[in-house]
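Trainee: My questions are about this predicted structure, shown below with the sequence.
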Amino acid sequence: MTKTIVVTGASSGIGAATAQKFLKEGWNVALLARRVERLSETAQGAPQALTVACDVTQEVQVISAFDQVANRFGRIDVLFNNAGIFPPSGRFDTLDLAAWQASLDVNLTGMFLCAREAYRRMLDSGGRIINNGSVSATTPRPNSAAYTATKHAITGLTKAIALDGRDLNICCGQIDIGNARTEMVEALIRNSDGPVETMAVEDAADAVYSMASLPLDTNVLQMTIMANRMPFVGRG
Ligand SMILES: NC(=O)c1ccc[n+]([C@@H]2O[C@H](COP(=O)([O-])OP(=O)(O)OC[C@H]3O[C@@H](n4cnc5c(N)ncnc54)[C@H](OP(=O)(O)O)[C@@H]3O)[C@@H](O)[C@H]2O)c1
């Protein structure tokens, strides 16, 4: 039977590359984001693609989007919980409450709402939720307290879902990506003093595919995939 994945934030970057990877592999793919025209560009008219306008911070929109996916494809095998923002960065004392709140709304509450809707639809026959964390889930980038706090929180969310899904055949894992070339990283490069080492977004998508392809008795709880030359591991 053809498997179904929901990809949030499928209108650009890692989400778009992942949606295209799964379409190429013959999966049914539901593409969610706010910019529907960008979702259509990503789907490229593929017959097994469903594009749904959805702001992941809005509970009603998230519930409706998952209902549309279930109506079209019957069941949901995998959620790639990917939609996220990198709020304006700055020294800690300058951080703005509205930017902090926006970061929590998308990166944490949005991921909670989407995971909950996927989990509800996996109760009978299991499934897999893959949360997009970040290398910032363990190690902060300077001047990015809001982003760092949400990504650390995703690790807790991942473990809690993995534990609460264990007896239901619902797996939950997290992928922590370091510097895949996307619009988010292009913005970081523009604001960086020195060179920023990057990796191809398609390699991140391939990693998501390998996590999603495992049988439900096996789970990658946490995977780090990063530009090999980025200064993340050890001293310098
Ligand atoms: N690139 C990296 O190296 C890297 C590293 C670590 C973690 N990540 C994580 O990877 C994820 C994707 O990032 P990216 O690099 O691919 O960035 P991106 O190209 O800026 O993509 C972000 C995606 O999130 C969606 N999004 C943002 N707010 C949303 C909302 N309220 N509702 C629905 N969708 C929303 C955007 O779609 P719309 O604007 O159309 O809604 C867009 O499709 C994020 O969670 C990010 O933290 C990326």
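Mentor: Ah, there it is.

Trainee: Now do the same contact list for the residue nearest to the spatial centre of the chain.
Mentor: In the chain, the residue lying closest to the centroid (CA atoms, centre = their mean) is residue 82, at 1.5 Å. Residues near residue 82 by CB atoms under 8 Å, 6 or more residues apart in numbering: 7-10, 14-15, 18, 132. No exception for glycine: its C-beta is placed from N, CA and C like everyone else's.

Trainee: What helices and strands are in contact with the host helix or strand of residue 113?
Mentor: Element membership of residue 113, judged by DSSP states H and E, is helix 111-122. In terms of contacts (3 or more CB pairs under 8 Å, 6 or more residues apart in numbering; DSSP states H and E), helix 111-122 is packed against strand 4-8, helix 59-73, strand 78-81, strand 127-132, helix 145-165, strand 170-178.

Trainee: Need the contact partners of it.
Mentor: 6, 8, 32, 56-57, 59, 62-63, 65-66, 70, 75-76, 79, 81, 83-84, 127, 129, 131, 154, 157, 161, 165, 168-170, 172.

Trainee: Quick check: which of those are also close to the ligand?
Mentor: 8, 56-57, 83-84 (CB under 6 Å from any ligand atom).

Trainee: Out of those, the closest to residue 217 would be?
Mentor: Of all these, residue 8 has the smallest distance to residue 217: 25.8 Å, by CB to CB.

Trainee: hang on, the earlier thing: mind checking pLDDT for the residue nearest to the centre of the chain?
Mentor: Per-residue pLDDT puts residue 82 at 98.

Trainee: I'd like the contacts of residue 82 as JSON lines, with neighbour count and pLDDT appended.
Mentor: Below are those laid out as JSON lines (neighbours: other CB atoms under 10 Å; pLDDT from 0 to 100):
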{"residue": "7", "neighbour count": "32", "pLDDT": "99"}
{"residue": "8", "neighbour count": "29", "pLDDT": "99"}
{"residue": "9", "neighbour count": "28", "pLDDT": "98"}
{"residue": "10", "neighbour count": "33", "pLDDT": "98"}
{"residue": "14", "neighbour count": "27", "pLDDT": "98"}
{"residue": "15", "neighbour count": "28", "pLDDT": "98"}
{"residue": "18", "neighbour count": "31", "pLDDT": "99"}
{"residue": "132", "neighbour count": "25", "pLDDT": "98"}
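
Trainee: Out of these, which two sit at the greatest distance?
Mentor: Among the contacts of residue 82, 10 and 132 lie farthest apart (CB to CB), at 11.8 Å.

Trainee: Which residues of this protein lie near the ligand?
Mentor: Residues of the chain lying near the ligand (CB under 6 Å from any ligand atom): 8-9, 11-15, 33-35, 38, 54-57, 82-85, 106, 110, 132, 134, 177, 179-180, 182-185.

Trainee: how long is stretch 2-15 end to end?
Mentor: End-to-end distance of stretch 2-15 (CA to CA, to the nearest Å): 20 Å.

Trainee: Residue ranges in the protein under the pLDDT threshold?
Mentor: 236 (pLDDT under 70).

Trainee: So which of the ones next to the ligand among the contacts of helix 111-122 belong to helices?
Mentor: If you go by DSSP state H, these have nothing in helices.
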